[in-house]
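>>> Okay, here's the prediction I keep looking at, along with the sequence it came from:
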Amino acid sequence: MPAAYLENVVREMLLSVDMDDESATLVAGLLVANDQRSVYSHGTKKLTEYLNQIRAGVVNPRPEVKIERDGGAAAVIDGDGGLGHIACHVGMTMAIEKAKRLGVGSVTTYNHYHFGSAGKWSRMALQHDCIGMSTSSHRFYPNPQGMVSSAAASSPISFAIPADKQPPIVLDMGGHMVSASEQNMEHSPGAVFKGLGLGAVIVSLGGIFAGIYRPEVKPPASRWESNQGSHLTAWNVAHFADVAAFKAEMDRYIGEARATKPLPGMERAELAGGMEWAWEAEAKQLGIIVSDEQREYLEGHADECGVQVSFAEFEDSRF
């Protein structure tokens with residue numbers, strides 16, 4: 001299915017729940033871009049959650065995003081209870097602008113809902129010859145009856161590092177994915193401790209540091225389900241190194257890595273982001289692969305939203 005067609009369908013769905021045109025266009029583009037990269041879990045499959053939360057009146061469809069603080073290389077963004085995509089787009093744009101002037105820009109956002117996949121925000125830096133970092137956490141409290149591993153949650157972090165002709169390195173992952181089972185503690189204790197440590201850092205930087213526990217953004221003071229925040233940073237390569245030389249060296253490293261033997265069960269050797277880079281390029285040329293299940297899912301939501309769709313015309317081809 002062509003990305004432009006799917007974007008318009010998603011945009012119309014978001015407009016039907018009273019999101020403004022600019023925000024609906026932004027969010028639709030971000031969700032469909034993830035489908036293009038085959039990151040389906042954080043693409044248009046998130047529509048159920050987002051539409052339902054807006055309909056339930058716990059996510060603000062028309063947030064007035066505010067710059068709460070702005071000084072030097074840092075800033076703080078108030079998302080006014082809306083989807084995190086809206087506040088984080090403002091935040092990462094500011095971080096990149098600051099990095100262009102100062103070498104680095106770092107922005108936190110708070111008082112908003114889910115910000116989507118972390119990789120969307122780190123990737124924004126690439127087209128500006130910047131390195132990007134994004135992380136986020138949600139408001140939660142460790143279970144006193146559980147193990148310490150429950151304190152790490154599984155919040156996301158992403159780094160994006162530019163290259164020239166090779167695919168950029170884009171690490172986009174949950175921070176704590178290894179269970180603290182007796183088997184893992186016996187055979188891979190390092191993986192458990194590293195996951196716990198990384199998870200705790202993400203919770204601290206993407207949540208606590210961002211301000212998600214401030215009393216005024218928690219129920220009952222706030223009507224919104226504004227339980228998430230983010231930390232977004234950009235580094236301008238030109239302030240640290242010659243851009244062409246850096247990207248050439250990245251090309252050498254990535255190219256040599258891709259020339260090695262692949263991991264067991266994999267068809268080719270790729271570093272973080274390499275597969276998504278290839279899938280996105282293919283989808284831009286041939287269209288997004290939409291399964292029958294996903295097609296029914298989208299048609300169901302379109303019907304609920306009163307949006308006319310004609311997916312059947314793309315059934316027998318990638319377009």
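On my side now, so go ahead. Keep in mind that what you see is a predicted model, and the values were worked out from it rather than measured. Numbering: from 1, shown residues only.
>>> quick one: residue 301 is in a helix?
Yes: counting by DSSP: H, G, I helix; E, B strand; the rest coil, residue 301 is part of a helix.
>>> Against residue 34, how distant is the residue nearest to it when sequence neighbours are not counted?
Nearest residue to residue 301 in three dimensions, chain neighbours excluded: residue 47, at 5.5 Å (Cβ to Cβ, 6 or more residues apart in numbering). For the C-beta atoms, the positions are set from N, CA and C on the backbone; glycine is no exception. Residue 47 sits 12 Å away from residue 34, going by Cβ to Cβ, to the nearest Å.
>>> before we move on, back to that, helix or strand next in line after the helix or strand hosting the residue nearest to residue 301, which one?
Using DSSP states H and E, residue 47 sits within helix 47-55. Later in the chain than helix 47-55, the nearest helix or strand by DSSP H and E is strand 66-71.
>>> Beyond that next one, next helix or strand please.
Once the chain leaves strand 66-71, the next helix or strand it forms, by DSSP H and E, is strand 74-78.
>>> That following strand - contacts with which helices or strands?
Under the contact definition 3 or more Cβ pairs under 8 Å, 6 or more residues apart in numbering; DSSP states H and E, strand 74-78 sits against strand 66-71, helix 84-102, strand 104-112.
>>> want to throw those into CSV with mean neighbour count?
Below are these laid out as CSV (neighbours: other Cβ atoms under 10 Å):
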stretch, mean neighbour count
strand 66-71, 12
helix 84-102, 23
strand 104-112, 27
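>>> before we move on, back to that, check which helices and strands the helix holding residue 47 sits against.
Packing partners of helix 47-55 (3+ Cβ pairs under 8 Å, 6+ apart): helix 3-16, helix 292-305.
>>> export these to JSON lines and tack on distance to residue 101?
Listed next are the helices and strands packed on helix 47-55 as JSON lines, based on distance: least, Cβ to Cβ, whole Å:
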{"stretch": "helix 3-16", "distance to residue 101": "32"}
{"stretch": "helix 292-305", "distance to residue 101": "42"}
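>>> Show me the one of those helices that comes nearest residue 313.
helix 3-16 (9.2 Å; Cβ to Cβ).
>>> So residue 250 versus residue 284, what's the distance?
Using Cβ to Cβ, we find residue 250 at a distance of 22 Å from residue 284.
>>> Between the two, which has more neighbouring residues?
Per other Cβ atoms under 10 Å, whichever of residue 250 and residue 284 has more neighbours is residue 250, with 19 against 12.
>>> Does the residue nearest to residue 301 touch residue 10 like I think?
Yes: assessed by Cβ atoms under 8 Å, residue 47 is found in contact with residue 10 at 6.8 Å.
>>> Kindly report the domain assignment for this structure.
1-56+289-319, 65-260+267-285 (automatic domain parsing).
>>> so who does residue 273 touch?
119, 160, 167, 168, 169, 170, 171, 172 (Cβ atoms under 8 Å, 6 or more residues apart in numbering).
>>> Make CSV out of those and add neighbour count, pLDDT and secondary structure.
Formatted as CSV, the contacts of residue 273 follow (neighbours: other Cβ atoms under 10 Å; pLDDT from 0 to 100; DSSP: H, G, I helix; E, B strand; the rest coil):
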residue, neighbour count, pLDDT, secondary structure
119, 27, 97, helix
160, 26, 99, strand
167, 21, 98, coil
168, 24, 98, coil
169, 21, 99, strand
170, 23, 98, strand
171, 16, 98, strand
172, 24, 97, strand
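>>> Do you know the pLDDT at the residue nearest to residue 301?
If you check residue 47, the pLDDT there is 95.
>>> Same check on residue 177?
70.
>>> Give me the contacts around the lowest-mean-pLDDT helix or strand in the chain.
Lowest by mean pLDDT, DSSP states H and E among the helices and strands of the chain is helix 182-187, with a mean of 81. The contact list for helix 182-187 (Cβ under 8 Å, 6+ apart) reads 178, 191, 192.
>>> any residues touching whichever helix or strand comes after it, and which ones?
Sequence order places helix 189-203 as the next helix or strand after helix 182-187, per DSSP H and E. Helix 189-203 is touched from outside by 135-137, 148-149, 151-157, 175-180, 184-185, with contacts defined as Cβ under 8 Å, 6+ apart.
>>> With stretch 236-249 instead?
99, 100, 102, 103, 104, 128, 129, 130, 131, 162, 163, 164.
>>> Am I right that residue 272 is in contact with residue 167?
No: between residue 272 and residue 167 there is no contact under Cβ under 8 Å: 9.5 Å.
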